[in-house]
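Student: The sequence isn't on hand, but the structure is:
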């Protein structure tokens with residue numbers, strides 16, 4: 001079973017930057033696409049950005065041009081560089097990975113526990 005652990009959240013003023021990291025542990029046949037999602041109070045969880053093993057990226061319109069997702073395949077770690085942060089970016093940010101399990105090779109979604117990002121105005 002693969003476990004994900006996020007870090008890097010915190011409190012920042014509007015216009016500031018934060019960098020989130022998500023490290024994996026456990027055994028898998030492969031870690032496929034990885035991504036970041038967020039959930040603000042009273043709202044549904046929404047996609048922020050995803051990245052494939054070949055570094056093909058996808059972003060929510062609300063973060064395009066401000067956030068950058070990247071990954072280190074050797075470490076199975078994914079990052080989210082967040083610049084020009086806005087109060088509406090305040091949410092709990094969750095890391096996600098599409099995993100092919102070992103030895104079953106069954107695919108499943110792994111989730112981290114979340115890290116709080118708060119942007120003050």
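Tutor: In hand now; what should we look at? Predicted, not measured: the structure shown is a model, and the values here were computed from it.
Student: quick one, what contacts the residue positioned nearest the centre of the chain?
Tutor: The chain has residue 36 as the residue nearest its centroid, 2.5 Å off, counting by Cα atoms, centre = their mean. Neighbour list for residue 36: 20, 22, 47-50, 69, 78, 80, 93-96 [criterion: Cβ atoms under 8 Å, 6 or more residues apart in numbering]. Where you see a C-beta, it was placed from the backbone N, CA and C, and this is true even at glycine.
Student: Tell me the one among those nearest to residue 114.
Tutor: residue 94 (4.8 Å; Cβ to Cβ).
Student: element containing that closest one?
Tutor: Residue 94 belongs to strand 91-101 when assigned by DSSP states H and E.
Student: So which bits of the helix or strand that that strand is followed by are buried?
Tutor: Scanning forward in sequence from strand 91-101 by DSSP H and E, the next helix or strand is strand 107-111. The neighbour-count check on strand 107-111 (16 or more other Cβ atoms under 10 Å) flags residue 110 as buried.
Student: For strand 107-111, which helices and strands make contact with it?
Tutor: Here strand 107-111 touches strand 3-7, strand 91-101, going by 3 or more Cβ pairs under 8 Å, 6 or more residues apart in numbering; DSSP states H and E.
Student: any chance of those strands in JSON lines, with mean pLDDT too?
Tutor: As requested, the helices and strands packed on strand 107-111 are exported to JSON lines (pLDDT from 0 to 100):
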{"stretch": "strand 3-7", "mean pLDDT": "96"}
{"stretch": "strand 91-101", "mean pLDDT": "97"}
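Student: Mind checking these for the one nearest to residue 28?
Tutor: strand 91-101 (5.0 Å).
Student: for that closest one, which positions count as buried?
Tutor: Buried-residue list, strand 91-101, by 16+ other Cβ under 10 Å: 91, 92, 93, 94, 95, 96, 97, 98, 99, 101.
Student: With stretch 12-26 instead?
Tutor: The neighbour-count check on stretch 12-26 (16+ other Cβ under 10 Å) flags 12, 18, 20, 21, 22, 23, 24 as buried.
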